[in-house]
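In: Got a sequence here, can you model it:
(chains A, B, C and D)
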Amino acid sequence: MSFVEYSDFIQDGDVAILYLSHNNVMPVKVQQGAQTQTRYGVIRHSTDLIGQRYGSKVTCSKGWFHVLHPTPELWTVALPHRTQILYTTDIAFITMMLELKPGSIVCESGTGSGSLSHAILRTIAPTGHLHTVEFHQQRAEKVAEEFKEHRVDHLVTVRNQDVCKDGFGVTGVADAVFLDIPSPWDAVGHAKVAMKKHGGRLCSFSPCIEQVQKTCEALQDQGFEDISTTEVLLREHDVRTVSLPLPDFGPDPETTEEATPAAAPNHASITLKTTTLPREMPGHTGYLTFATKPRT
Amino acid sequence: MSFVEYSDFIQDGDVAILYLSHNNVMPVKVQQGAQTQTRYGVIRHSTDLIGQRYGSKVTCSKGWFHVLHPTPELWTVALPHRTQILYTTDIAFITMMLELKPGSIVCESGTGSGSLSHAILRTIAPTGHLHTVEFHQQRAEKVAEEFKEHRVDHLVTVRNQDVCKDGFGVTGVADAVFLDIPSPWDAVGHAKVAMKKHGGRLCSFSPCIEQVQKTCEALQDQGFEDISTTEVLLREHDVRTVSLPLPDFGPDPETTEEATPAAAPNHASITLKTTTLPREMPGHTGYLTFATKPRT
Amino acid sequence: MADNGDDDNQYRIKEGDYVVLKRGEIFKAVQIQPRKKVIFEKQWIFLDNAVGQLYSTTFEILSGGNLKPNELKDSASPLDAVEAGTDNRNIVDDGKSQKLTRDDIEALKEKGLKGQDIIKKLVDNHATFGDKTEYSQVKYIKKKKKKYENTVMILKPSCRILAMMYHGREPGKICHLRYDTLAQMLTLANIHAGSKVLVFETCAGLVLGSIMERMGGYGSVIQMYPGGGPVRAGVESFGFPAHFHDTLHEFPICHVNALLAGTLDTSAKDPTAENTHEKQLNLAAEKEQNQPEAEEQGTPEEESMETNTGDDAGQDVEKMEKDKLKEAKAQVKKLRLEEKQRRLAATAALLKGRNADGLVIASRFHPCPVLLGLLKFLSPSRPFVVYSQYIEPLIECFKKLRECGGTVNLRLTDTWMRHYQVLPDRTHPLLLMSGGGGYLLSGTTVATDHSKPAGSKQAEEPAPKRQKLEDTEG
Amino acid sequence: MADNGDDDNQYRIKEGDYVVLKRGEIFKAVQIQPRKKVIFEKQWIFLDNAVGQLYSTTFEILSGGNLKPNELKDSASPLDAVEAGTDNRNIVDDGKSQKLTRDDIEALKEKGLKGQDIIKKLVDNHATFGDKTEYSQVKYIKKKKKKYENTVMILKPSCRILAMMYHGREPGKICHLRYDTLAQMLTLANIHAGSKVLVFETCAGLVLGSIMERMGGYGSVIQMYPGGGPVRAGVESFGFPAHFHDTLHEFPICHVNALLAGTLDTSAKDPTAENTHEKQLNLAAEKEQNQPEAEEQGTPEEESMETNTGDDAGQDVEKMEKDKLKEAKAQVKKLRLEEKQRRLAATAALLKGRNADGLVIASRFHPCPVLLGLLKFLSPSRPFVVYSQYIEPLIECFKKLRECGGTVNLRLTDTWMRHYQVLPDRTHPLLLMSGGGGYLLSGTTVATDHSKPAGSKQAEEPAPKRQKLEDTEG
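Out: Reported below is the predicted structural model:
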């Protein structure tokens, strides 16, 4: 197992994902002899996990669930939140708009809980590199530890510094830069320094429009081009079967062809497959501002 | 005919709406002896319109269409644009959120092309009144003329003045105020003056977020309560029948029950009723900021 | 406040008034009744002290549930202005951020500190509040507000407030009709004073009431109802003046075919003879009214009685309501049936001309047969609008209408609504939004051309702009 | 520019490169070929002068269609910064606002003024431009830009650029797949280097190419194709290095059942014996490829030839392409069939293990049978994602998967995308937005439990959180 390479069987030392139900997933560090408590009962790693195929069903005393191979997307749902995190919808769009691919050199700040970082690493492996800067020391240490557990540490350098003051710690190497910090405009200059002479792509994520306004201004001042701000929202459709009763207009004395085509007398109903949207859904995560650094 | 009362038959002096096709409607002033050129040919008012029932089909040399009774909603689609106008989706929401109903006293600025004004008049008739202020003289005159033609002039007073300087020309009478001007924050004080001592509702329409920010500040400064900003967008679904071909996975040598349940050999296809959204649709009209004036 | 000398009287809360309680975004419709306990946000309240006060007053809830007019406004609280950290990078959550202990808070409460002040104290004593992200701050304050605030505002009901209330509290009762969608319906159907409007709804009466509000007591509203009786709890909540109810008529849809065929018998009969039929209707009604009325408003049967019986029967009804004796109920039923028959005849007369000015449908029934059946009662050149929580039934309606002809200007739409937080340096769309507001099919009737078969393509849109109905390419 | 001394070489435009022309929001993919005329926005262009220049250079189009590197950047033009009136209240439109006559403009053009400068002049000489609303200003400038601008930027192709290009120019060719939706697919399917991915698409090869870009030449991509041959025009446009194509395999879906049953004959046969079957296939292919290739890229047949024939046959093909003789074509067909059979055997071997790592479907076919058929080739615990322009077929897929079991984490989603104008005092969402980006069904395979019947409810989500599948109340 690694976050950048599939395996078929669960091994000692892997990180596996217990898929309990929709939106309820749980990461587990697989260790010979260890046990994990779930709401369906205890699982014994040695017998229930190690040697089993990823995707297998595990049966406990009170129910069953599946063990899945980790992916950055499952990790995003499962990871311990140490900060607000980026979710898959934004991550997917960022990945495309930053033109990430195997071999890309990427700078990121802040690392936060590492949700985006894992997705970046998945995409730039096996030949790319991620330079990620996190202001908060404990968080930087924690995420570095996770990268190791997830066997992607060879692809990433974690720096614990203030990106607005100290930059990314690299010069002229990055194909892409991602900013998710309170004052991205203070880091735009550092981003430019970190990027390749030929140019590259930048993305800044901000929840508030005022942050976007200041960032766009800074990007323009620094000579960035193709500056554009976009918002992407996910709508999840709930599939369901509904039954709609038919109205009873009473006996039809004329029975002409025109009269009430579909009215059925005995409170019949029509069943149909449809979808509904959740009553409440995420209405905003942040604005994504993209720009191109031209050749300098 | 009047914009606040239905009639069954078209009469000399009415304003009728020719419904040519989806999104192609055309207002016509009905006059004994007059003719109107449409893309389906000429219509003669005396024979084709006067005395006919609203909703009738009119046949011309090159086609046919229906004549409809005017409503504020048809007028919004048909009216001559002298400015950018408010559309039905925003109008409907404004009408509810301003709590308009028969008897309401309303102040509006600017009148513009009168799209919202007609909808207000429809709702506050027969006992309410609209005080509408338009900066631009020609426009004020034109809209006053239209109110007369539409037989709603007894319900409305048009004033040609600068609302930011001169206010609405009334004091302590309005249940509701609507602002659609470049700098609504300059009119908030005047709005307060125009409103009833007991209180009332205010709405300001602005395309840009910076306008909203300044307006909200002004509203707060003037003691307005329950300030909230909302955006409403219409999505129109295009109903269509589509045919999806089925893939040909080749002859199934096993014909087990498990194999390819719906695969049909002869390039069969499935027809279904569905909707699509237009490729491009209005993505923004403006922000609607609502507030309550408390008792003062 | 009483000596202002203006026309304040119309703005004063009176006994018997239907009002709406408000706290933050929470609304609840109730009637002002002496010594009546009302539950609002898990608190018992007596509304007696509100009588004589002005609408839109904020009250403090004293211990014991009595109200006291409050000088502090419920509006934008000063808490919202606390400076937010835009990142929570400095927070180490050790569970020790709050310096006030539970005992401290209890002491504050005993000292008579108001909810808002307690929250302010909590925020002030929260070591890292300023470092929390705005999202966390809002969540924190919301949680604490719910726990400690004890004020309530009393509002005059309106379509806006009740539509927001139902959507927030009991969307299931109103078929998940969102208030902005209701707003579209009222406008698309050109609802206005003096017209004759047909309504078919199973939205607890909210749609009906909204239409009545927009008609202001002028014209007529005909409620086409399924089952044994019309549901109108929502209409009561509007607190309309009595004369509004004179404009309200009802007609059971089980008689629609008979009416259309001209075979409806509306002569007053001995109700006992009708008994078996009516019994069936009542059974059906009980089945279908799986929308329990608002807590304070009694059973559906009492409901429709209050509305249906005129002034003549009013006193009897009141007495019997108190007794609740079985025999009395039978008598009421008899009276009700007689009255019903009279009203049925009157409504049938209104419908017979097939010249209604508008049609509004919002129900849990399949909209297609409902629409096709009721469209027949409209004059040409009149708008109609159909709501459905699901798009599929409206696609079917759309197709059927295109086939049948007799309508133009068909649109299948939904609206997308977004609220914003507008604060200095913290402006953004709200982090949560409503998923969907349902779908609308709207259109305009036209005169049907009897020289052509109804199914003819000619009855659709004019040829040059005929919509592409088939599309295999996608 | 050539003497920068760094690794600029990799950024230089070379003959034979696939590039993308850009002007404003308009993109067009072309190949750099000597003295080849290219139409871009109604102008003839020769790209020869671009060779040796750096990617992302903006060129001026000289009269005659030759290019000249331009110092002016195509980016945010100074025009965008013109102060907008926020209201058009002072405009009296008398058709006399533009003071420059047609002749004036022609004179300016003859003087060699560049498009951007002409527009600037037009704006400066527009009496009421400053009074126009921003919306009108943007419309005006856009119109004039289209008319007078004559620059073009040459970009290196990428998934981002090509996805935006197809969506903007030819959405019908890619089943109206919006680029943000494609972005979701690539991520939801966990596309990455080293994996083995199955693709079924009728999106001109755009989806396939995007997947290949994300795999960076590591691992294998198997294109499952309908009809006579895989469509790959979009893949060419990516301009991948040759070794990327070694990772690309194809398999005709008409052999899927045979492969699953173990009856597929992949031994190399005399192609003439296969003739009738192949002919049928080719006929089907012609029918189904109702997606004409991009203008410059020849017929579909040449296309697949270019891709399918290995180096061994390359020279022959080139010669014959020039001759275009019927007899030669027959020979090519024979070679092609042999090659096809060899490749079929190789791909069948890849598929036989049923251990693919991901499945991506985006086609004009009904997704349900496609998905159910191809899902069988995946290992457990692997993601799949299906695109459809319509939601209904995906609802059916969802239901079927729930019935069959073998999958978890099912989601039916769409995304909503909005672009913003961010300018001082004029920040707002763009006035036009894309209506819909299509729908996605995604999920993860799990090991099927053979001790239970496939249709069992047990195979669905764990019991405690089982989704409410029936809901009559709405």
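In: Was I right to think residue C:383 contacts residue C:442?
Out: Yes: contact between residue C:383 and residue C:442 holds when scored by Cβ atoms under 8 Å: they sit 6.7 Å apart. Backbone N, C-alpha and C define where each C-beta goes, glycine included.
In: Give me the common contacts of the two.
Out: C:188-189 (Cβ atoms under 8 Å, 6 or more residues apart in numbering or on different chains).
In: So which bits of the stretch 151-296 of chain A are right by chain D?
Out: A:197-199, A:209, A:212-213, A:216, A:220, A:225-243, A:269, A:273-275, A:287, A:289, A:292, A:294-295 (Cβ under 8 Å from any Cβ of the partner chain).
In: Can you give me the domain assignment for the chain?
Out: In the absence of a named chain, this looks at chain A. A:15-70, A:74-233+A:283-293 (automatic domain parsing).
In: To clarify, I was referring to chain C.
Out: C:2-74, C:82-150, C:159-474.
In: what about residue 207, neighbour count?
Out: Defaulting to chain A. 24 (other Cβ atoms under 10 Å in any protein chain shown).
In: that's the other chain; I wanted chain C
Out: For residue C:207, using other Cβ under 10 Å, the count is 29.
In: Regarding it, which helix or strand does it belong to?
Out: helix C:206-215 (DSSP states H and E).
In: The helix or strand following that helix pairs with which strands?
Out: The element immediately downstream of helix C:206-215 (helix or strand, assigned by DSSP H and E) is strand C:220-225. Here strand C:220-225 is paired, per DSSP bridges, with strand C:196-201 (parallel), strand C:248-252 (parallel).
In: Show me how far the last one is from its chain's centre.
Out: Taking Cα atoms, centre = their mean, to the nearest Å, one finds strand C:248-252 lying 19 Å from the centre of the chain it belongs to.
In: Only alpha carbons, please: show that strand as CSV.
Out: Provided in CSV are the C-alpha atoms of strand C:248-252 (Å, rounded to 0.1, in the frame of the first residue of the first chain):
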residue,chain,number,x,y,z
LEU,C,248,-62.8,31.7,-0.1
HIS,C,249,-64.7,28.8,-1.6
GLU,C,250,-64.0,25.1,-1.8
PHE,C,251,-64.9,22.3,-4.1
PRO,C,252,-64.1,18.6,-3.6
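In: That strand - what's its average pLDDT?
Out: In this model, strand C:248-252 has an average pLDDT of 95.
In: List the contacts of that strand.
Out: Contacts of strand C:248-252 (Cβ under 8 Å, 6+ apart): C:208, C:212, C:220-228, C:230, C:235, C:259, C:281, C:307, C:343-344, C:346-348, C:350-351.
In: related to what we said a few turns ago, tell me if the helix holding residue C:207 is near chain B.
Out: Yes: residues of helix C:206-215 contacting chain B under Cβ under 8 Å from any Cβ: C:213-215.
In: then the longest strand that chain C contains to PDB, C-alphas only?
Out: Longest among the strand segments of chain C by residue count, using DSSP state E, is strand C:407-421. Output of strand C:407-421 as PDB, limited to C-alpha atoms (Å, rounded to 0.1, in the frame of the first residue of the first chain):
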ATOM      1  CA  THR C 407     -51.500  26.400 -23.800                       C
ATOM      2  CA  VAL C 408     -48.500  28.500 -24.800                       C
ATOM      3  CA  ASN C 409     -45.500  30.100 -23.000                       C
ATOM      4  CA  LEU C 410     -44.700  26.800 -21.200                       C
ATOM      5  CA  ARG C 411     -41.700  27.000 -19.000                       C
ATOM      6  CA  LEU C 412     -40.100  24.400 -16.700                       C
ATOM      7  CA  THR C 413     -37.900  26.200 -14.200                       C
ATOM      8  CA  ASP C 414     -36.300  26.100 -10.900                       C
ATOM      9  CA  THR C 415     -34.600  28.800  -8.900                       C
ATOM     10  CA  TRP C 416     -31.400  28.800  -7.100                       C
ATOM     11  CA  MET C 417     -31.100  31.000  -4.000                       C
ATOM     12  CA  ARG C 418     -28.100  32.100  -2.200                       C
ATOM     13  CA  HIS C 419     -27.700  34.200   0.900                       C
ATOM     14  CA  TYR C 420     -24.600  36.300   1.700                       C
ATOM     15  CA  GLN C 421     -22.800  37.400   4.700                       C
END
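In: I appreciate the help and will end here.
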